[in-house]
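Student: Mind folding the following:
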Amino acid sequence: MKLKFVAGEPALMLGSTLVISDLHIGIEHEYFEAGIRIPSQTEKLVKRLDNILEAAKAKRMLILGDVKHKITGTSWQEERDLPAFFSHFSKKVKTEIVLGNHDPLIERILPKNVVIHPTSGMLIGDYYLCHGHAWPGGGFEKAKCVLAGHNQPMIELKDRLGYRWVEQVWVKARLKKSSGLKARFPSMGKPPKLIILPAFNELSGGVCVNREKELMGPVAKAADMRNARIYLLDGTYLGELRHL
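Tutor: Next comes the predicted model:
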């Protein structure tokens, strides 16, 4: 099965399946509660995804967790936006979700034709897809590559004048056979490679991988981040993390 990155977007194609992560629909409500008024950006997310699905001729859309933003319960914005969002896409393509840590009981407000997979993730061919906050399940030991969200990788850049800014990035790393992986998957041979997806929702921020000492989640913690390869969304290769 062929994997192809969507240029300029935090999305990739796995065969005919569009894979994205960390939508965080409803995050604007958290900003509102903090005194910052941002109109709902869900309609813009819909338009972006519509364009990507059409251009890629995708037949399936798989979201790797954190579909909604509020961890416990749902906000009024999520109650309004999530059903409309998934009703729109589930009529166009087969729509599936791997549950993330922000998604408890999300099935209560989704259309019944949306397929929901557990937090442990799923194996598709040689690829294991998960959100990344929980241990993977059966089939992980057979994978050659893991696709995960959760950390929402970014990188902090600085110019000669000292101006700093951050950019979303793709992270490609090798997994080390940590004690945790050995204990859970004793039959695993060579550990799979890891690709960490940037968040699809730009408002949700992320982890600056050249500032944080350790990533979140059992899979990412087993990654050889020092030698991880870092790419911008347009495909520009920035180098190995230890040099950035």
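
Student: Flag every buried residue along the helix-or-strand element of the chain with minimal mean pLDDT.
Tutor: The weakest-scoring helix or strand in the chain, judged by mean pLDDT, DSSP states H and E, is helix 179-184 (a mean of 82). Under the neighbour-count criterion of 16 or more other Cβ atoms under 10 Å, helix 179-184 has Leu181 buried. (Each C-beta comes from the backbone N, C-alpha and C, glycine too.)

Student: Pull the distance from it to the chain's centre.
Tutor: Put simply, helix 179-184 sits 24 Å off its chain's centre (Cα atoms, centre = their mean, to the nearest Å).

Student: next helix or strand past it?
Tutor: strand 193-196 (DSSP states H and E).

Student: I'd say Leu203 and Glu28 touch.
Tutor: Yes. Leu203 is within contact range of Glu28, at 7.2 Å (criterion: Cβ atoms under 8 Å).

Student: Please give me every residue in contact with the residue in the chain sticking out farthest from the centre.
Tutor: Distance from the C-alpha centroid of the chain peaks at Leu161, with 33.0 Å (Cα atoms, centre = their mean). By Cβ atoms under 8 Å, 6 or more residues apart in numbering, no residues touch Leu161.

Student: Quick check: it is in a helix.
Tutor: No. With DSSP: H, G, I helix; E, B strand; the rest coil as the criterion, Leu161 is assigned coil and is not in a helix.

Student: Spatially nearest residue to Arg48, not counting backbone neighbours?
Tutor: Of all residues not flanking Arg48 in the chain, Glu9 sits nearest, at 7.3 Å (Cβ to Cβ, 6 or more residues apart in numbering).

Student: quick one: the one you found from Leu49, how far?
Tutor: Separation of Glu9 from Leu49 (Cβ to Cβ, to the nearest Å) stands at 9 Å.

Student: Tell me the buried residues in the helix or strand containing Leu53?
Tutor: Using DSSP H and E, Leu53 sits in helix 42-56. Buried residues in helix 42-56, defined by neighbour count with 16+ other Cβ under 10 Å: 42, 45, 48-49, 52-53, 56.

Student: List the residues that contact the residue nearest to Asn201 when sequence neighbours are not counted.
Tutor: Leaving out its chain neighbours, the residue that sits closest to Asn201 by Cβ to Cβ, 6+ apart is His24, at 4.5 Å. Residues near His24 by Cβ under 8 Å, 6+ apart: 66-69, 102, 199, 201, 203-204.

Student: Can you turn the buried part of those into a PyMOL selection?
Tutor: In PyMOL, this line selects whichever of the contacts of His24 come out buried by 16+ other Cβ under 10 Å:
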select buried, resi 66+67+68+69+102+199+201+204
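
Student: ok, so of the contacts of His24, who is nearest Asn227?
Tutor: Nearest to Asn227 among the contacts of His24: Ala199, at 23.6 Å, using Cβ to Cβ.

Student: residues contacting that closest one?
Tutor: Contact analysis of Ala199 by Cβ under 8 Å, 6+ apart lists 10, 21-22, 24, 66, 149, 152, 168, 205-206.

Student: quick one: which of those residues has the most company?
Tutor: In terms of neighbour count, Ser21 stands highest of these at 32 neighbours, by other Cβ atoms under 10 Å.

Student: And for that residue, nearest residue in space, chain neighbours not counted?
Tutor: Distances taken as Cβ to Cβ, 6+ apart place Gly149 nearest to Ser21, at 2.9 Å, with adjacent residues excluded.

Student: what separates that neighbour from Leu215, distance-wise?
Tutor: 12 Å.

Student: Need the overlap of contacts for these two.
Tutor: Counting by Cβ under 8 Å, 6+ apart, the residues touching both Gly149 and Leu215 are Ile196.

Student: I appreciate the help and will end here.
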